[in-house]
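Peer 1: model this:
(one chain, ligands or ions: 1)
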Amino acid sequence: MVIDMSFRAHPSRRRRLALAATATLGAASLLTLAACSSSDDAGAKTTSGACPAAPVDVVVSVDQWGDLVSQLGGDCAQVSTVLASSSVDPHDYEPSPADAVKFTKAKLVVVNGADYDPWASKLAASSAKSAPVVDAGEVVGADDGANPHLWYSPDYVSKVADAVTQELETLAPDAKSYFEDQRTALTATLKPYTDLVAKLKSEAAGKTYGATEGVFDYMAQAVGLVDKTPEGFARAAANESDPSPADLKEFQTAIAAKQIDVLIYNTQTEGSIPEQVHQAAEKAGVPIVDVTETVAPGASSFEDWQVSQLTALAKALGVDA
Ligand SMILES: [Zn+2]
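Peer 2: Okay, here's the model as predicted:
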């Protein structure tokens, strides 16, 4: 499947709002807020003594990457994830002054990039000037027009993990072998996930899917599924606008005719249109696989989240997993 480079995840209106919010954060307000920010670090993971060097303070923009970075850093990193709540839509996020304060302590910043979390890159540039930034989009070569849901690509996850490890080693050279071990351990931890991807690819490649939103597209591509989402519907969803009645009808007709083997449904997208697609699939007996944009509530880790979705996908496609 070819990613349509004309897709825009973020209408320019949203981007202007985010930039305006950042611009109001003057240096004076940052100083006054710093004093009362200590109680605001609920997302930070405090680590214990197994690290041979001083732990690196890391700020990660979104939880889709935050858990992976925590696993890579282990006891040698203190990771603070800005958006760690599934109730917040990263596409619409405007940072608070307290978020800016988190960046002032960062020695390393990890962002998704690809125009998904531009507020985080801005805060890194203004509040963590000396901290290197791992930008997943830059690491994998996905520009601002690409589908920004990069964490759904197993290949991208691996590349970004390598880039994070490399930066951690540069920042704390005394912990180099520790970070190497953490990277190896992550590969082992992710094995159930990579095994499922491989199994789906060998047994379900060529099956078709439709999606209420493009969040899962990289994974669908990785396992060889063919995207049958009507193009107009997909483009509207990527623009966070409503598809035309004709686009919706086309999707419903394809579902009713069972031209789609599975419906990928983002449970974090609200609205009557995704609901109508969901109902069409229920009525036609097309299996539905729920996915989420951010780490699912109740999932204990990135791999836990992904394995649970992939297991549901395997079941929907008749793959024994
Ligand atoms: Zn999204």
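
Peer 1: C-alpha only now, for contacts and for neighbours.
Peer 2: Will do.

Peer 1: what's the neighbour count on the nearest residue to residue 293 once chain neighbours are set aside?
Peer 2: Among residues not flanking residue 293 along the chain, residue 215 sits closest, at 6.3 Å (C-alpha to C-alpha, 6 or more residues apart in numbering). Look at residue 215: counted by other C-alpha atoms under 10 Å, it has 24 neighbours.

Peer 1: now do the one 4 residues further on
Peer 2: Applying other C-alpha under 10 Å, we find 20 other residues in the vicinity of residue 219.

Peer 1: List the contacts of it.
Peer 2: 152-154 (C-alpha atoms under 8 Å, 6 or more residues apart in numbering).

Peer 1: Closest one to residue 112 out of those residues, please.
Peer 2: Nearest to residue 112 among the contacts of residue 219 is residue 152, at 11.7 Å by C-alpha to C-alpha.

Peer 1: What distance do you get for that closest one to residue 217?
Peer 2: Shown here: residue 152 relative to residue 217, a distance of 8 Å by C-alpha to C-alpha, to the nearest Å.

Peer 1: more neighbours, the two?
Peer 2: Per other C-alpha under 10 Å, whichever of residue 152 and residue 217 has more neighbours is residue 217, with 24 against 20.

Peer 1: got the domain boundaries for the protein?
Peer 2: 12-189, 203-316 (automatic domain parsing).

Peer 1: Now do the helices in the stretch 1-150 of the chain.
Peer 2: 12-23, 27-34, 63-73, 97-104, 118-127, 136-140 (DSSP state H, counting those that start in this stretch).

Peer 1: so what's the nearest residue to residue 203 once chain neighbours are set aside up against?
Peer 2: Excluding the flanking residues, the one nearest residue 203 by C-alpha to C-alpha, 6+ apart is residue 319, at 6.6 Å. The contact partners of residue 319, by C-alpha under 8 Å, 6+ apart, come to 200, 203-204.

Peer 1: what's the helix or strand for the closest residue to residue 299 other than its chain neighbours?
Peer 2: Distances taken as C-alpha to C-alpha, 6+ apart put residue 305 closest to residue 299, at 5.2 Å, once the chain neighbours are dropped. According to DSSP states H and E, residue 305 maps onto helix 302-316.

Peer 1: Next, the angle helix 63-73 makes with that helix.
Peer 2: Interaxial angle of helix 302-316 relative to helix 63-73 (axes from the mean of the first three to the mean of the last three C-alpha atoms, to 10 degrees): 120 degrees.

Peer 1: and helix 302-316, how far from the chain's centre?
Peer 2: 15 Å (C-alpha atoms, centre = their mean, to the nearest Å).

Peer 1: buried stuff in that helix?
Peer 2: Using 16 or more other C-alpha atoms under 10 Å as the test for burial, helix 302-316 gives 302-314, 316.

Peer 1: Any chance of the contacts of residue 219 in TSV with secondary structure, pLDDT and distance to residue 144 as columns?
Peer 2: As requested, the contacts of residue 219 are exported to TSV (DSSP: H, G, I helix; E, B strand; the rest coil; pLDDT from 0 to 100; distance: C-alpha to C-alpha, whole Å):
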residue	secondary structure	pLDDT	distance to residue 144
152	helix	98	17
153	coil	98	17
154	helix	98	20
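
Peer 1: for those, which one is nearest residue 234?
Peer 2: Nearest member of the contacts of residue 219 to residue 234, counting by C-alpha to C-alpha, is residue 152, at 17.1 Å.

Peer 1: my guess is that closest one meets residue 216, correct?
Peer 2: Yes - between residue 152 and residue 216 there is a contact at 6.2 Å, judged by C-alpha atoms under 8 Å.

Peer 1: Residue 136 contacts residue 150, doesn't it?
Peer 2: Yes - assessed by C-alpha under 8 Å, residue 136 is found in contact with residue 150 at 7.5 Å.

Peer 1: Find residues that contact each of the two.
Peer 2: Counting by C-alpha under 8 Å, 6+ apart, the residues touching both residue 136 and residue 150 are 112, 156.

Peer 1: quick one, what contacts the residue nearest to residue 299?
Peer 2: Each residue near residue 305 by C-alpha under 8 Å, 6+ apart is listed here: 295-296, 299.

Peer 1: Which among these count as buried?
Peer 2: The neighbour count (16+ other C-alpha under 10 Å) marks 295-296 as buried among the contacts of residue 305.
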